[in-house]
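*Asks:* Test case, fold it:
(chains A and B)
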Amino acid sequence: MIRFKRIAVGVMLLMTCLLAVADSSIVVRDAWVREAPPGAAVLAAYFTLENTGTKEDKLVAVRGPDFDKIEIHATEIRDGIARMIALDALPIAPHAVVRLAPGGYHLMLHHPRRALAAGMSVKLELRFESGTRLTVVAPVRRAEAGTAHHH
Amino acid sequence: MVTRKTLISATLVAALGVILVLGVLAGRAFREPARAISIAGMTVLEPASPLPEFRLHDQNNQVFDLARLQGKWSFVFFGYTHCPDICPTTLVVLRDVQKIAGGKEQGIQYIFVSVDPDRDNAATLKSYLPYFHPEFIGATGGHGELMRLTRALGAYYESGEASGGNYEVHHSAAIFLIDPEARLRALFAGPHDAARLAQGLQRLKGG
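*Replies:* Numbering: from 1, shown residues only, chains lettered A, B, ... in the order given. Model (predicted):
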């Protein structure tokens, strides 16, 4: 009986895990970190989020072992003034694609714990309101011009 | 009578029209250089606006003042190094302008003015700027001196609320172009494009 219970719990746990994966309708693509000058206190990360599901989800937090703190930001240019806005959450509507790109939404990566140069990569764990957690490996790249956009 | 009145009015309107057109044409002829320049996002100042004295320091701790703007064309951008997105994006654009238009040898300099002197000093700028281009000049100074320059250029900056030991600095997104007589000659609104900036400078140099 006890044995059966254990197996049942095990099966249930396994199913929950599978469900958590199957349930995630968020897809992360093209993650990268902008290489910064040596000694820079902050870096930016960019990627594309796609919601393939029928319910809105929100990016609510990001963790990463290489940084002291990670924030979700938007660069906003209003009346010629550039401002960085810290966001509590970044909503992704059903079937929508949200791009984090230079000059717009980005992750602000505070105080890298190791020197990061092009060719290296960092791990970022994206946490969503739905409970979904996605880990991405983002390569560090030197930014080329012509990538700035307005959102 | 009605026909005559109408005729007179019509003649008057036509005459006024002719005078207006002539006036516009004459005005255009007098402002020849301004007409030649029409680049998206670029505003040319006619006449150029002289800048006041100011005193900052560059990344080598040398005085950076009005005299450093004389005899060269200068692209000036305001920002700060704790800015991970728009500042490096703009500096990469300026690096590309340098590739197209040239630098010191062509009498053109690129200046990044940090409006965050509490965190940025000569040493910070010295390690930050060569990544973009070894010729780039970094400058900063006390808020009073920074404001003398920003005010004269019509630029703006302000430190935001501190949270968790960090604060953002809001700043003008524009790139300013100073002529060899140390006068504000043009400004470019973002989003910036290297080809457009280089073209704008070329037109002004030629005009």
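*Asks:* so where do the strands sit in chain B?
*Replies:* B:42-50, B:55-58, B:63-65, B:73-79, B:108-114, B:137-140, B:157-163, B:166-172, B:175-178, B:183-188 (DSSP state E).
*Asks:* Please work out how many residues are found near B:Arg95.
*Replies:* Using other CB atoms under 10 Å in any protein chain shown, B:Arg95 has 18 other residues around it. Placement of C-beta: from N, CA and C, glycine included.
*Asks:* just checking, it touches B:Tyr131?
*Replies:* No - if you go by CB atoms under 8 Å, B:Arg95 and B:Tyr131 don't touch, sitting 9.4 Å apart.
*Asks:* mind checking the SS state of the spatially most central residue of chain A?
*Replies:* Residue closest to the mean C-alpha point of chain A, counted by CA atoms, centre = their mean, is A:Leu126 at 4.3 Å. For A:Leu126, the assignment made with DSSP: H, G, I helix; E, B strand; the rest coil gives strand.
*Asks:* list the contacts for it?
*Replies:* By CB atoms under 8 Å, 6 or more residues apart in numbering or on different chains, the contact list for A:Leu126 reads A:Ile26, A:Val28, A:Leu59, A:Val62, A:Arg133, A:Leu134, A:Thr135, A:Val136.
*Asks:* Low-confidence bits of the chain, can you list those?
*Replies:* All of this refers to chain A. A:1-23, A:145-151 (pLDDT under 70).
*Asks:* nope, chain B please
*Replies:* B:1-37, B:207.
*Asks:* how about the residues of chain B near chain A?
*Replies:* B:81-86, B:88-89, B:92-93, B:95-96, B:119, B:124, B:127-132, B:156, B:160, B:163-164, B:166, B:168, B:170-174, B:189-194 (CB under 8 Å from any CB of the partner chain).
*Asks:* ok, now with 7 Å
*Replies:* Proximity of chain B to chain A (CB under 7 Å from any CB of the partner chain) is limited to residues B:81-82, B:84-86, B:88-89, B:92-93, B:96, B:127-128, B:131, B:156, B:164, B:166, B:168, B:170-174, B:189-192, B:194.
*Asks:* Pull out the buried residues from these.
*Replies:* B:81-82, B:84-86, B:88-89, B:92-93, B:96, B:128, B:131, B:156, B:166, B:168, B:170-174, B:190-192, B:194 (16 or more other CB atoms under 10 Å in any protein chain shown).
*Asks:* Could you list the contact residues of chain A toward chain B?
*Replies:* Counting by CB under 7 Å from any CB, the residues of chain A near chain B are A:34, A:36-44, A:69, A:75, A:77, A:80-84, A:102-103, A:106, A:108, A:110, A:143, A:145, A:148-150.
*Asks:* Narrow those residues to those in strands?
*Replies:* A:34, A:42-44, A:69, A:75, A:77, A:81-84, A:106, A:108, A:110.
*Asks:* For PyMOL, write a command that selects the buried ones of the residues of chain A next to chain B.
*Replies:* Buried residues within the residues of chain A next to chain B, by 16+ other CB under 10 Å, are selected in PyMOL with:
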select buried, chain A and resi 34+36+37+40+41+42+43+44+75+77+81+82+83+84+102+103+106+108+110+143+145+148
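*Asks:* If we ignore the residues flanking it in sequence, what's nearest the residue nearest the centre of chain B?
*Replies:* For chain B, B:Phe176 is the residue whose C-alpha lies nearest the centre (CA atoms, centre = their mean; 1.3 Å). Leaving out its chain neighbours, the residue that sits closest to B:Phe176 by CB to CB, 6 or more residues apart in numbering or on different chains is B:Val76, at 4.4 Å.
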